[in-house]
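In: Turn this into a structure:
(one chain, ligands or ions: 2)
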Amino acid sequence: MSRNMDATPAMDAYWMPFTANRQFKKSPRLLTGADGMYFTDDKGRQILDGIAGLWCVNAGHNRPRIVEAIQKQAAELDFAPPFQMGHPKAFELAERLVELTPAGLNKVFYTNSGSEAVETALKMAIAYHRVRGEGARTRLIGRERGYHGVNFGGISVGGMVGNRKMFGTLLSGVDHIRHTHDPARNAYSVGQPAYGAEFANDLENIINLHDASTIAAVIVEPVAGSTGVLIPPVGYLQRLSVICDKHGILLIFDEVITGFGRTGNPFAAQTFGVTPDLMTVAKGLTNGSVPMGAVFAKQGIYDTFMHGPEHVIELFHGYTYSGHPLACAAALGALDTYAEDGLLTRATEMQGYFAEALHSLKGLPNVIDIRNIGLIGGVELSPLPGEPAKRAFSIFLDCWEQGLLVRTTGDTVALSPPLIIERSHIDRIIETLRGALLRAA
Ligand code: PXG
Ligand code: PLP
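Out: Ligands and ions are numbered 1, 2, ... in the order given. As a prediction, this is how the structure comes out:
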């Protein structure tokens, strides 16, 4: 049976992720092409990409080096088993990546997504302590409003209620520190908010409750993205790191969103001057082109596992597609593109203009806070009474009609444009958003 490829496709069978399926299927938004800063939709409209796809297409869409690398790799080596075997690009990529990471984070473990990177990091942390003879360190500490993907470990340490409440009892032995969002003191901060380093002391309270000898790791996003763009207060991450070090607890930074230039450096760890013990990435690793994630580990963590008979597998963990040849080729193409265009530090150049434009939305109807760092922006709206998230979603729909893609989470509109963005694009994003906010009033 043939299908009419020009018409809207049948939509019954596909159960869409994180989507209001029934509403979408009544009024679909279909993307059919992309280039640079723009998507093309099925009606031939150009849509300005205000969110780098989903915080991932950092170099813009369809970059030639990445496209060619994928095409060439597919024709050369489609798949290589990753267990007890290797292929050259997996090693080459790891060497290239550890040139970019903060000093000390020089081992790379491949996954296929941010969610898998998170599971991997959590398992590494628990196993590391066990191998060292501290097998009682099994507790994992996350943070309220954290997002660490959608697998069981990630939603257990995560702190987004909607992502947790439907899924039973989750992992046991997990606790949470408070989030750092404090609009009473920090509303409309430009860049890092001044107040709230003391939120890190929550970790001391948790240690007092459970004892450090039971705690394996703490995981936080340096900048919480999915929960509505929460920027770490000045001194907060430093304090968290000091407390972890004092008590032998591993610090995990989840840099799935912040990695690969988003905050003005290759990694947010560099922007904030704090090096974690483990660091998860995904998204920008391949410029969003082929699914891939990774965990970076400190040398000492890797070395801890490298004991015992040499023929024995040191870490019983891995994915069929860990270090997939297409993903490695795409990532190498992405790193070349980032280097050639200077993109991993470009947010530093653009953030001043971006911040000023974003904060010009202050005072518009229903705007209650504006937050920014690097090329990340958040505009928080007051919720419609009794209908949380609806106001922001209506802004999203209006922007889409005007040819701009933004992202909303709760009642926050999030921006994370490709790092190739020019001032004229920033102007258009902000003016479109301004119009939508005025129309929604
Ligand atoms: N950790 C963090 C910090 C993330 O932002 C993940 C883990 C999971 O990655 P995968 O590749 O498994 O999705 C993410 C993903 C949004 C949004 O709208 C953000 C993500 C995913 C979906 C939506 O903010 N980030
Ligand atoms: N389920 C079954 C039955 C499998 O055989 C495998 C892998 O061999 C998996 C799940 C895990 O798949 P992946 O390695 O792609 O995560």
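In: for the stretch 251-400 of the chain, what spans make up the helices?
Out: Secondary structure of the stretch 251-400 of the chain (DSSP state H, counting those that start in this stretch): helices at 268-272, 299-305, 325-341, 346-359, 390-401.
In: between the ones you listed, which gets nearest to residue 375?
Out: helix 346-359 (4.3 Å; CB to CB). In short, each C-beta sits where N, CA and C put it, glycine included.
In: So which residues make contact with the closest one?
Out: Residues outside helix 346-359 that contact it (CB atoms under 8 Å, 6 or more residues apart in numbering) are 188, 190-191, 261-265, 370, 372-375, 377, 379, 415, 419-421, 423, 426-427, 429-430.
In: Tell me which of those residues fall in strands.
Out: The strands, defined by DSSP state E, take in 370, 372, 373, 377, 379, 415 from those.
In: and those, which two are the farthest apart?
Out: 373 and 379 (13.9 Å).
In: Excluding chain neighbours, what is closest to residue 419?
Out: residue 343 (4.5 Å; CB to CB, 6 or more residues apart in numbering).
In: Residue 210 and residue 137 touch, don't they?
Out: No: counting by CB atoms under 8 Å, residue 210 does not reach residue 137; the two are 10.3 Å apart.
In: These two: who's more crowded?
Out: A side-by-side neighbour count of residue 210 and residue 137, using other CB atoms under 10 Å, places residue 137 first with 23 against 14.
In: The closest residue to the more buried one other than its chain neighbours: what's it in contact with?
Out: Closest residue to residue 137 apart from its sequence neighbours, by CB to CB, 6+ apart: residue 129 at 3.8 Å. The neighbours of residue 129, taking CB under 8 Å, 6+ apart as the test, are 135, 137, 138, 216, 250.
In: Count the residues that sit near the closest residue to ligand 1 within the stretch 301-441 of the chain.
Out: Distances between the stretch 301-441 of the chain and ligand 1 by CB to the nearest ligand atom are smallest at residue 407, namely 4.8 Å. Neighbourhood size, residue 407 [other CB under 10 Å]: 22.
In: Check residue 352 too.
Out: 11.
In: Let me know the pLDDT of it.
Out: Reported pLDDT at residue 352 in the predicted model: 98.
In: Do a quick rundown of the strands in the stretch 151-300 of the chain.
Out: 174-177, 215-220, 250-254, 278-281, 293-298 (DSSP state E, counting those that start in this stretch).
In: which residues touch the residue nearest in space to the middle of the chain?
Out: Centroid check for the chain by CA atoms, centre = their mean gives residue 257 as the closest residue, at 2.3 Å. Counting by CB under 8 Å, 6+ apart, residue 257 makes contact with 55, 221, 223, 225, 226, 283, 376, 416.
In: let's go with 7 Å and repeat that
Out: 55, 221, 223, 225, 283 (CB atoms under 7 Å, 6 or more residues apart in numbering).
In: tell me which element residue 23 falls in.
Out: Element membership of residue 23, judged by DSSP states H and E, is helix 21-26.
In: Residue in this protein with the shortest distance to ligand 1?
Out: Counting by CB to the nearest ligand atom, the chain gets nearest ligand 1 through residue 114, at 2.2 Å.
In: Give me every residue in the stretch 301-441 of the chain lying close to ligand 1.
Out: Applying CB under 6 Å from any ligand atom, one finds that the stretch 301-441 of the chain approaches ligand 1 through 407, 409.
In: Give me the buried subset of the contacts of residue 129.
Out: 137, 138, 216, 250 (16 or more other CB atoms under 10 Å).
In: what sits against the second one?
Out: Taking CB under 7 Å, 6+ apart as the criterion, residue 138 is in contact with 126, 173, 214, 216.
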